[in-house]
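# Quick check, what structure comes out for this input:
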Amino acid sequence: MEKHENDSASGHYSTSSSSSKASSAFNAPIASNDASKAFTASPASNASPRILIITYYWPPCGGAGVQRWLKFSKYMPEYGWQPYVLTVDPDYAEYPAIDHSLEKDINPLVRIYKTRAVNYFRLAKKKGSSVKAAAGFATGGNSFKSKIARFIRGNFFIPDPRKGWNRFAVEKAAELIRSEGIEYIVTTSPPHSTQLIGLKLKKQFPDIKWICDLRDPWTDIYYYKKFYPTALPGLIDKKYEKAVFQNADLISMAGNHISQAKIIKYKLDKNKLFLLLNGFDEEDFPDIIINKPSVFTITYAGSISEQYPVSGFVRAVKKILSLQKEIRINFIGHVNQEMVNNILNELPSSAVQFTPYLDHKEAITQMMNSHMLLLIIPDHEKNKSIIPGKLFEYIRTGNPILSIGPKDSDVEKIIDDTLAGKNYESDDIEGIINYITTEIEKKPHRTNPCPEIYNRRNQIYEVLKKISF
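Model prediction:
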């Protein structure tokens, strides 16, 4: 990596490296039929519009969170925009996973700056704490030790422990805004502490256009109560959330993450909210060798905690096995030990495989070489608006999707609109059995291609048009 300034300074720089039915409350998901046309937001100027993306997660970080703006920034130069990325130096960061394969997606035209951070996770480990680095603690267990760790996280690190990056990021971002003529900034979260960077910058540079990007809800996230926030920390967190939502110029969301009640309570202008669903990158799919196993294989990609209603699916598979049909379940990602034990208590180990983590390319390969893909929506009062990012890569594979989640959800609407599979409630065991056995009996196929609305190259074209006006 070419150093822009001393490693011990504030950063260094490298040039090397939904459907409309699901969006009734907000503007429709963006789409494009002419994304091949170059687009420049300032046609009267020869200078490219300059946008600074502020993200904690960046390669070599792995997982779903890093891919959204990694992929979007990759295609921005095609439309005449100059992207800058401000992120954490990996030596000071705490990542849920490492995936060096994602580094190939960094466009060499993207200008990357990295800063130091205070790593509260590392400090806690030195003191013998059990505080975990996994994003959101969503896969934490129910042991007393885990509960104490989550309580500390939820009451003493508001909005989250990665806020140790903020003062370094604000300083470097302000420097870049002045020296590079940055016109737009994007702050993407989780971690939601990153949004406080945008809030400070907006107050310092009121003319800059700030896009707050929410990959997940903030105080409405399905595992928020697992942090056991007491009254005062909860109020502080909501105060931060309100200030960010009120001061951002635009708020992009990977799902309907801001309820109508919160729009009213925070007195938000609905016109500045828009859905920016996750998607797929077509360049991830060429050259994958298709060699499906002889045994009917169902693959789940992602983490699973006790809030994921797996038991109905497991009972359905157990029944199918009792009918002398061969089937194998492949879990890719972290599954907490309690869930592993529960699954293995019902199913023979020969029918289940657990793979803790695969790099993104290998995970895509496993998806492509499965006969069916499993999607599970966590149990939560607001789970109808949860849209897992992997859904769109699932759709792109062409393999049938078995979704376990609530009826009339955003996920169900997308799956129905794309003819990608079926959605069943977790207790509809007979429905799950019938769908799986039907697919076992026939050669899985789909005639409907994945809609280009979910192609990230097309999505970012529409985003750039929207934010420039």
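# Do you have the strands of the stretch 101-250 of the chain handy? List them.
Ranges of strands in the stretch 101-250 of the chain, per DSSP state E, counting those that start in this stretch, are 111-115, 184-189, 209-214, 250-253.
# need the helices for the chain, in chain order.
Under the criterion DSSP state H, helices of the chain are mapped to 67-75, 120-126, 144-156, 166-180, 193-204, 231-247, 260-265, 311-322, 337-346, 360-368, 390-397, 410-418, 429-441, 456-467.
# before we move on, back to that, deepest in the core, which of the strands of the stretch 101-250 of the chain is it.
Across these, averaging neighbours per residue (mean count of other C-beta atoms under 10 Å) puts strand 184-189 on top, at a mean of 26. (C-beta placed from N, C-alpha, C; glycine too.)
# what pLDDT does Glu5 get?
pLDDT recorded at Glu5 is 37.
# How about the contacts made by Gly302?
Ala64, Ile332, Gly333, Pro388, Lys390 (C-beta atoms under 8 Å, 6 or more residues apart in numbering).
# Give me the buried positions along stretch 238-247.
Within stretch 238-247, the residues that count as buried by 16 or more other C-beta atoms under 10 Å are Lys238, Tyr240, Glu241, Lys242, Ala243, Val244, Phe245.
# Format the CA atom coordinates belonging to it as CSV.
Coordinates of each C-alpha in stretch 238-247 appear next as CSV, following Å, rounded to 0.1, in the frame of the first residue of the first chain:
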residue,chain,number,x,y,z
LYS,A,238,-32.6,7.5,21.0
LYS,A,239,-31.4,11.1,21.3
TYR,A,240,-28.4,10.2,19.1
GLU,A,241,-30.7,8.5,16.6
LYS,A,242,-33.1,11.4,16.5
ALA,A,243,-30.3,14.0,15.9
VAL,A,244,-28.9,11.9,13.1
PHE,A,245,-32.2,11.4,11.4
GLN,A,246,-33.2,15.0,11.7
ASN,A,247,-29.9,16.5,10.4
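# residue closest to the middle of the chain?
The residue lying closest to the centre of the chain (C-alpha atoms, centre = their mean) is Gly65, at 4.0 Å.
# measure that one to Thr87 for me?
12 Å (C-beta to C-beta, to the nearest Å).
# Next: Ile208.
19 Å.
# who has more neighbours, those two?
Per other C-beta atoms under 10 Å, whichever of Ile208 and Thr87 has more neighbours is Thr87, with 25 against 17.
# need the contact list for that one.
Ile54, Thr55, Tyr56, Tyr57, Trp58, Ile112, Tyr113, Lys114, Thr115.
# Quick check: closest non-adjacent residue to the fifth one.
Same thing as Trp58. Counting by C-beta to C-beta, 6 or more residues apart in numbering, Trp58 lies nearest to Thr87, which is 4.0 Å off, once chain neighbours are set aside.
# now His257
That would be Pro217: by C-beta to C-beta, 6+ apart, it lies 4.2 Å from His257.
# number of nearby residues for that neighbour?
Neighbour tally, Pro217, other C-beta under 10 Å: 24.
# Please list all residues in contact with it.
Gly255, His257, Ile258, Lys382.
# gap between the first one and Lys390?
If you measure Gly255 against Lys390 using C-beta to C-beta, the figure is 13 Å.
# Who has more neighbours out of those two?
Per other C-beta under 10 Å, whichever of Gly255 and Lys390 has more neighbours is Gly255, with 25 against 21.
# show me what contacts the more buried one?
Per C-beta under 8 Å, 6+ apart, neighbours of Gly255: Ser18, Pro217, Leu275, Leu277, Ser385, Ile386, Ile387, Asp410.
# how does it look with 10 Å?
18, 22-23, 214-217, 275-278, 382, 384-389, 410-411 (C-beta atoms under 10 Å, 6 or more residues apart in numbering).
# Next, show the common contact partners of Gly65 and Thr87.
With C-beta under 10 Å, 6+ apart as the test, Gly65 and Thr87 both reach Thr55, Tyr56, Tyr57, Trp58.
# now, among those, which is nearest to Leu344?
Tyr57 (32.0 Å; C-beta to C-beta).
# now the helices of the chain in TSV, with mean pLDDT?
Listed next are those as TSV, based on pLDDT from 0 to 100:
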stretch	mean pLDDT
helix 67-75	97
helix 120-126	67
helix 144-156	81
helix 166-180	98
helix 193-204	98
helix 231-247	94
helix 260-265	89
helix 311-322	96
helix 337-346	93
helix 360-368	95
helix 390-397	95
helix 410-418	95
helix 429-441	95
helix 456-467	94
